[in-house]
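>>> Sequence and predicted structure, then a few things I'm wondering about:
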Amino acid sequence: MLKFCSPRVAFVVKNSFQLAHFWELMFSYTRAEILLVDRPTLWDEFSRTDLESCPIRVSVVSRASIAARASEFDALFFQTVFPGIEEVEGVPLVSVQYGLAKERHNYGEWRSLADLNLMYGDYSASKVSHFSPSYPVGNVKFSGWSPRVKRQALRQNKIDLGFDPSLPVVLYMPTYGELGTFSELLEPLSTLRRDFNVVIKMHHNNEISGRHWRREAASLGISHLFGGGDDQRKLLEAADVVLSDYSGAIFDAVYAEVPVVLYQPWAHNKIGVQKFDLSSIEFRRRDELGLVVSEARDLARALKEALATADELVGKAKGIRRDVFCDTAPDLIVPTACQRVDELLTGRLPGQTTEQRYVRESVRALLSARRALNRSKSKPRPFLQRLLSNWRSPKPD
């Protein structure tokens, strides 16, 4: 693999999903370090052995220490806003796109915090270029991956993952929280196990509070379960059809040329939930992405129809695939990204305009104010306030 050995870089990582997304890019730097953001549930997701065995140095950092650590590096890579980002000064910030869905978030004003946005394609780059310099490079997670070639061994891929090769694989990849459909579709999916290998890959944000979803799925007989940090490339290589809702995983399936079924019930009632709106691409262009289902009772029919019309569905999605992914050859995605970073660090890319700096300053101020507000809420009331409160409270007889 091509090595860019000069700069010392760090990757801000909050969960195993982000670690997997950065993996190919990290190994293009000989002086890379992972800054793993501490949180209460961190050790539910990672073990000490995981960190000690990682071939790249890992440091656990707190919100209070991350800005100071950032000053040790020539560049800091991140996916989305991380604790303390507003305090990072003097170090170029490089944002790496990780999804296409929920456009209000993915293309939000926080992009102004980055000195460089590395995006999937022209579509996304144009969406954020008014915030800061943005360039299409491709999805770095899929660097070196040729799904069309890999999927030629579909039957063997199923066997390698422990699936029944005589049955089609439905790969369910929902989004998280209230916008997700896991609780609605779990029981209907469990009834399809005689006709399908039912495989669930959970969204990483659904695992922040724990992995109880695995127990729920296992109690209904679903045994092919994968977490947020598991590699969806292997799963896509074995999938006959992908089932999703409003997740960015839809576009992973489109990239891999796997037919898609979208379960999107009551979309109008979900406006504003997790920054979703009807103009976002996963809803606005859903008829190009795949078959759309609005009732769980139609799920089996839609999955069977998707299998029967797989070539047609993949062909229909080619237009949107061209729109959102640049045509960089898979082996050149990471080198292209590294080249853009090198141009940034050597002053060969334009910096932010005055207007973009204004937006960045406003976003930083907003994040600082929010942090101060949260801190004030968590502090105990001052002594005098408590004294007055007790004085005013009626005393029991």
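On my side now, so go ahead. Numbering: from 1, shown residues only.
>>> which residue is nearest the middle of this protein?
The centroid of the chain falls nearest to Tyr98 when counting by CA atoms, centre = their mean (4.8 Å).
>>> For that residue, give me its contacts.
Gln18, His21, Gln79, Thr80, Lys141, Gly248 (CB atoms under 8 Å, 6 or more residues apart in numbering). Placement of C-beta: from N, CA and C, glycine included.
>>> burial measure for the fifth one, as a count.
Lys141 sits with 22 neighbouring residues when counted by other CB atoms under 10 Å.
>>> same check, this time on the last one
Neighbourhood size, Gly248 [other CB under 10 Å]: 19.
>>> Hmm, it is touching Ala101, no?
Yes. At 4.2 Å, Gly248 counts as touching Ala101 under the criterion of CB atoms under 8 Å.
>>> Now Leu171: closest residue in space, sequence neighbours ignored.
Ala239 (4.0 Å; CB to CB, 6 or more residues apart in numbering).
>>> For that neighbour, give me its contacts.
Going by CB under 8 Å, 6+ apart, Ala239 touches Val169, Val170, Leu171, Val199, Ala253, Ala256, Val258.
>>> Redo those as CSV? Include pLDDT and distance to Ile320.
Below are the contacts of Ala239 laid out as CSV (pLDDT from 0 to 100; distance: CB to CB, whole Å):
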residue, pLDDT, distance to Ile320
Val169, 98, 23
Val170, 98, 21
Leu171, 98, 19
Val199, 98, 24
Ala253, 97, 12
Ala256, 96, 14
Val258, 98, 14
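>>> so of those residues, which ones are in helices?
With helices taken from DSSP state H, the overlap with those comprises Ala253, Ala256.
>>> Closest one to Ile159 out of the contacts of Ala239, please.
Checking those against Ile159 with CB to CB, the nearest one is Val169 at 11.4 Å.
>>> The closest one and Asp298, how far apart?
According to CB to CB, to the nearest Å, Val169 and Asp298 sit 20 Å apart.
>>> Buried ones among the contacts of Ala239?
Among the contacts of Ala239, the ones that count as buried by 16 or more other CB atoms under 10 Å are Val169, Val170, Leu171, Val199, Ala253, Ala256, Val258.
>>> got the contact list for the nearest residue to the second one once chain neighbours are set aside?
In space, not counting the residues next to it along the chain, Val170 is nearest to Phe196; the distance is 4.7 Å by CB to CB, 6+ apart. With contact taken as CB under 8 Å, 6+ apart, Phe196 is in contact with Leu167, Pro168, Val169, Val170, Leu303.
>>> make it 6 Å
When contacts are counted by CB atoms under 6 Å, 6 or more residues apart in numbering, Phe196 touches Leu167, Pro168, Val170.
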